[in-house]
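**Student:** when you get a sec, could you give me coordinates for this:
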Amino acid sequence: MIEIAPQQLPALSRWFPTGSPGTGALTEHVLTTGRGTWWADRPDRPRVLAVTCADHVLLRGDPSALTPAALSPFAGRYVEAPARFWPSLGSAFERVVPWERMLYVH
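**Tutor:** Here you go, the predicted structure:
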């Protein structure tokens, strides 16, 4: 994965949900504050996007476009990704521990 500038981002509506509570709000936080990093498998027409801030990573896209080495920048972080990423994460890292989160929405 390579770091990309926010102006290089494709339209986010199809990648990350907006206006939702929980980890999905991370993308809006990074866009609004500029604190955090955007990643892609390639700069032009990415197949995989990630956004990181502090110890958190959100992954979206096609996991078949990733190699284990591409995920190495995310070692030691909390990764939120669809289930289709699990095999890629398992082959990239020695230890992957699923963690269920519960949200209270008032």
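**Student:** rest of the way, CA atoms for contacts and neighbours
**Tutor:** Fine.
**Student:** buried stuff in the least confident helix or strand in the chain by mean pLDDT?
**Tutor:** Here the helix or strand of the chain ranked lowest by mean pLDDT, DSSP states H and E is helix 25-33, holding a mean of 87. Judged by neighbour count (16 or more other CA atoms under 10 Å), helix 25-33 contains these buried residues: L26, T27, E28, V30.
**Student:** please apply the same query to stretch 72-90.
**Tutor:** Quick answer for stretch 72-90 (16+ other CA under 10 Å): F74, A75, Y78, V79, E80, A81, F85, S88, L89.
**Student:** residues in contact with it?
**Tutor:** Residues from elsewhere that reach stretch 72-90 (CA atoms under 8 Å, 6 or more residues apart in numbering): 1, 23, 55-60, 63-64, 66-68, 71, 92-93, 96.
**Student:** quick revisit: list just the nearest of the buried residues of helix 25-33 to L49.
**Tutor:** Comparing the buried residues of helix 25-33 against L49 with CA to CA places T27 closest, at 11.0 Å.
**Student:** if we can go back for a sec, let me have the buried residues of helix 25-33 in JSON lines, extended by distance to Q7.
**Tutor:** Formatted as JSON lines, the buried residues of helix 25-33 follow (distance: CA to CA, whole Å):
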{"residue": "L26", "distance to Q7": "17"}
{"residue": "T27", "distance to Q7": "14"}
{"residue": "E28", "distance to Q7": "14"}
{"residue": "V30", "distance to Q7": "13"}
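**Student:** coming back round to it: now for the least confident helix or strand of the chain, which elements pack on it?
**Tutor:** Helix 25-33 sits against strand 48-53, with contacts defined as 3 or more CA pairs under 8 Å, 6 or more residues apart in numbering; DSSP states H and E.
**Student:** and the strand it packs on, what does it pack onto?
**Tutor:** So strand 48-53, by 3+ CA pairs under 8 Å, 6+ apart, packs with helix 25-33, strand 37-40, strand 56-61.
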